[in-house]
Every structure is written in structure tokens, then in C-alpha cells.
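Asker: following is a predicted model, sequence given first.
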2 protein chains.
Amino acid sequence: MTKTSVGIFIFEEVEVLDFAGPYEVFSRTRLKPGIESRRSEDTAPYKVFTVARSDEVVTATGGLKVVPDYGFHDAPPIDLLVVPGGFGTRALLEESTVIEWIQTQAAQVSQLTAVCTGSLLLATAGLLRGRRATTHWGATELLASLDESIQVDRERRVVEDGVVTSAGVSAGIDMAFVVVERMFGRSVADETARYMDYRRP
Amino acid sequence: MTKTSVGIFIFEEVEVLDFAGPYEVFSRTRLKPGIESRRSEDTAPYKVFTVARSDEVVTATGGLKVVPDYGFHDAPPIDLLVVPGGFGTRALLEESTVIEWIQTQAAQVSQLTAVCTGSLLLATAGLLRGRRATTHWGATELLASLDESIQVDRERRVVEDGVVTSAGVSAGIDMAFVVVERMFGRSVADETARYMDYRRP
């Protein structure tokens, strides 16, 4: 089967659960229910990989060290881009290489998503213009200040308005399930949550 | 302040959220509330690191590549050991080097914990003898078969009986919060959950 490629952007001081939550959900989704189907990629609808600016090891918040699968220079085409958050996003708002890479990806992906303060990067890239969006509760004012046309939603955990954004950290798990449900239906999303022993809100 | 060292064991085919969930919780806990306190380690009660058999890169389920902070040979003393699960646990049940390392650690840590099928490793190491414990819902019979003296709890997400074990994958987040709450109180645990936008069950 043709798989949807999921590129998860990682960077210095990315929040661990921001990227690991969606990584878990997308990489463990199977179209065939049960535990055994998780032992192979046969019925996996997604192919998940991490992408960083370069091939160098990325240190996430708290010190977790991750080897990116690709750098910007050699990443394969991405169907679904996940932009996680973390304190590291603040420095990246000034990094034109990163903002331009996100803009280039956004123009070709079929689905753009962000977790937590990842939405600050999307806003800076002009990708939330005129849209409803959310972010970590501690960053809603900053999000609004980056682009006044954004309708910042302070209530929902996941906001879908073309781009899919989520509230803080753990809400990235819910964001991923919303995307799985829209692409493959409620039963596939719920069964994957059951595999993960996760209670969707 | 003296920090509690949290060693998270990682291995080939460890489930991503099994180790990343507790990693997030312990590494983001702060005794001082708010977002700013998370920008430094000043009020962090835990020092979190990963430990693998060797220094080599570990590939988690789904392909995530993690550089362990330490191998068995150079890991610093561990106060709180987290043994996550994943399909990779099955091969490790036969690995005396791993089982013996867990036994050695268990004899010196102040708190032993497992997530999901990590409890299979503890059972094999004889560390759940006569205790109440849980695991992923798909592995409860295997857990019981490894040691008939274990009282397998099929209802609770987190079981505390000296050793703290959790149900599948995402329940590791809840396990970590239970430990934080017991060590530093309900308000510290709840405030960290709030920071993570996590709704404790």
C-alpha cells in the first residue's frame, strides 16, 4: 500500500512529548486491528520520520538526544508535516532558513499540523493568516501578536481550519488522532488509541 | 538542591511513548509553579537520563533513533529506575546481561517502576514476586505465566505495591505522575500536568 509520509520536524529544545506523542500515534496506526498487526508495517498507513536542519544529533528539552532521519538537504517528500513546540521555537522565529523551509513544505504537503508552540513558527511563516488556531495556554498572546488576523482559540485542544493546531504538549496526541480519524475513520483512530491504552478526550 | 536521578532504560524496539511519556513528566516537573521555572533546572527535583546496554544508538519502535546518555558500563547511580515496554522486551527476557543489570539496579534504587510490558522484564528478574502489578492489556496472561505469585491487576492504570507498574503505553504518563505526587505532593504533580496540558485520569 502507498503510505502517507509523516515528517516530524525536530530542533534544539523541542519539547519531548510534543514530537514523541504524534510520532507514537502515527507510527503505531494500523488499518488492521489488534496487536499482531503492529509487529509489521504491512497495514501501516503512515511512514514516519524525523527531519532536522542538519544530520547532527538534536537535543530535546530535558536532554533527550535524537538522531534525525534526515536534514533539510536530503528529506524525502512530506505529505503530512508536524511542527512541534518547545522553548526552542523562540530562537527559530528569527531563523529564516527554518521559516523558509516550513513555507516550502507547506506549499506541497497535503496536511500541515502543529503542536503547542509549533504554531508560533507557522504564524511567523504566514501560514495561519486569517485562520482559527491554538497553541500552549502560555503562548496565546504571543501567537495573537505574531499575526493579528489569527483567531486564537483558547478553549479547544485541537483546532482544525485547514491547518491543524493543538494546545500544549500532550494535546499533540489528540491532534494526531484527529488527523488519523479524518483520514482513516473513527474506528482506526479509536483502535489505535486502544492499543496505546489512551483515552481520547 | 539534591536531585533524584531518574534512569530510563532504552533498548531496541522500545515503544516510543513508553519511555518518552515518563521522560517528559520527570524532566519537566518543577517545585516552583509556572512556565518560567521550566526554563532552568533550578527547581527541578529530578535529573533524567537514558541508559542502554551500550553507547550505541537505540532504534525505538517506528524507527526513532535515540542516543543513550549512558551504557550499563558508565551509568551513574540511579535513584528511580523506569523500565519501559515494547515488542523489544520479548528478546530481552532471554538476555541475562539485561535481567542481571535490572536486578542489580533494583537492589539499590529507592523506586523501581515499569511501563506497559516493561513489567515482563521485572517479572523475569523476580522483582514482582508476590506483588500486585499490571502491564499492557495484551500481555496480562504472559505476565501471570512468568511468575504465578504475581497478582495481575487488569483494571487499574497504575498499580503501586512497592514497585510501581502501569498499563499500556500512555499509562506510563500516569505512572510518572503518581510517583511525582507521592514524592512531592499533589500540587506539584497537578501543576506539572497543567504545564503539559495533560488531564490526569
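Answerer: It's in.
Asker: ranges for the strands of chain A?
Answerer: A:4-9, A:46-52, A:58-59, A:65-67, A:70-71, A:80-83, A:111-114, A:132-133, A:151-152, A:158-161, A:163-166 (DSSP state E).
Asker: which residues touch A:Val14?
Answerer: Residues near A:Val14 by Cβ atoms under 8 Å, 6 or more residues apart in numbering or on different chains: A:Val58, A:Ala60, A:Thr61, A:Pro84, A:Gly85, A:Gly86, A:Gly88. C-beta here means a position set from N, CA and C on the backbone, and glycine is covered the same way.
Asker: beta partners for the residue most central in space within chain A?
Answerer: Closest to where the C-alpha atoms of chain A average out (Cα atoms, centre = their mean) is A:Val82, at 2.5 Å. Beta-bridge pairing for A:Val82 (DSSP bridges): A:Ile8, A:Thr113.
Asker: hang on, it packs against A:Ile10?
Answerer: No. Counting by Cβ atoms under 8 Å, A:Val82 stays clear of A:Ile10, with 9.6 Å between them.
Asker: ok, for A:Ala139, nearest residue in space, not its chain neighbours?
Answerer: A:Thr117 (5.0 Å; Cβ to Cβ, 6 or more residues apart in numbering or on different chains).
Asker: what's that neighbour in contact with, if anything?
Answerer: Here A:Thr117 is in contact with A:Gly85, A:Gly86, A:Thr89, A:Thr135, A:His136, A:Ala139 (Cβ under 8 Å, 6+ apart).
Asker: can you pull the pLDDT of it?
Answerer: On the pLDDT scale, A:Thr117 is placed at 97.
Asker: A:Glu100 now?
Answerer: pLDDT, A:Glu100: 98.
Asker: hmm, A:Thr113 is touching A:Met175, no?
Answerer: Yes. Counting by Cβ under 8 Å, A:Thr113 touches A:Met175, with 6.1 Å between them.
Asker: which neighbours do these two share?
Answerer: A:Pro22, A:Val164, A:Thr165, A:Ser166.
Asker: the last one pairs with what?
Answerer: If I follow you right, that is A:Ser166. Counting by DSSP bridges, the residues bridging with A:Ser166 are A:Val158.
Asker: contacting residues around it?
Answerer: A:Ser166 neighbours (Cβ under 8 Å, 6+ apart): A:Thr113, A:Ala114, A:Val115, A:Cys116, A:Thr134, A:Arg157, A:Val158, A:Val159, A:Gly172, A:Asp174, A:Met175.
Asker: what about it, distance to A:Ala107?
Answerer: Separation of A:Ser166 from A:Ala107 (Cβ to Cβ, to the nearest Å): 22 Å.
Asker: swap in the first one?
Answerer: Here the criterion is Cβ to Cβ. By it, A:Pro22 lies 21 Å from A:Ala107.
Asker: now the third one
Answerer: Relative to A:Ala107, A:Thr165 is positioned 18 Å away (criterion: Cβ to Cβ).
Asker: the second one too?
Answerer: Distance of A:Val164 to A:Ala107, computed by Cβ to Cβ: 17 Å.
Asker: would you mind telling me which of those two has the busier surroundings?
Answerer: Remark: of A:Val164 and A:Ala107, A:Val164 carries more neighbours, 22 against 9, as counted by other Cβ atoms under 10 Å in any protein chain shown.
Asker: now do the same contact list for that one.
Answerer: With contact set as Cβ under 8 Å, 6+ apart, A:Val164 has these partners: A:Gln111, A:Leu112, A:Thr113, A:Ala114, A:Val158, A:Met175, A:Val178, A:Val179.
Asker: out of these, grab the one that's most surrounded.
Answerer: Compared across the contacts of A:Val164, A:Ala114 has the highest neighbour count, 32 neighbours, by other Cβ under 10 Å.
Asker: just checking, it touches A:Gly85?
Answerer: Yes. Using Cβ under 8 Å, A:Ala114 makes contact with A:Gly85 at a distance of 7.3 Å.
Asker: which stretches of chain A form helices?
Answerer: For chain A, the helices defined by DSSP state H occupy A:16-28, A:89-92, A:96-106, A:118-124, A:140-146, A:171-184, A:186-195.
Asker: next, the closest residue to A:Arg129 other than its chain neighbours: phi, psi?
Answerer: Closest residue to A:Arg129 apart from its sequence neighbours, by Cβ to Cβ, 6+ apart: A:Ser149 at 5.2 Å. The phi/psi pair for A:Ser149 (degrees, to the nearest 10) reads phi -80, psi -10.
Asker: circling back to that earlier point, ranking the helices of chain A by burial, who's on top?
Answerer: helix A:16-28 (a mean of 29; mean count of other Cβ atoms under 10 Å in any protein chain shown).
Asker: what mean pLDDT does it get?
Answerer: 98.
Asker: which ones are touching A:Leu120?
Answerer: Contacts of A:Leu120 by Cβ under 8 Å, 6+ apart are A:Gly85, A:Thr89, A:Arg90, A:Leu93, A:Thr135, A:Ala139, A:Leu142, A:Leu143, A:Leu146.
Asker: and for A:Asp153?
Answerer: Contacts for A:Asp153 (Cβ under 8 Å, 6+ apart) come out as A:Arg132, A:Ala133, A:Thr134, A:Val159.
Asker: relative to B:Met1, which of the helices of chain A is closest?
Answerer: B:Met1 lies closest to helix A:16-28 among these, at 22.3 Å (Cβ to Cβ).
Asker: by contact count, what packs against that closest one?
Answerer: Secondary-structure packing of helix A:16-28 (3 or more Cβ pairs under 8 Å, 6 or more residues apart in numbering or on different chains; DSSP states H and E): strand A:4-9, strand A:46-52, strand A:80-83, helix A:171-184, helix A:186-195, helix B:16-28.
Asker: I am finished for the moment; much appreciated.
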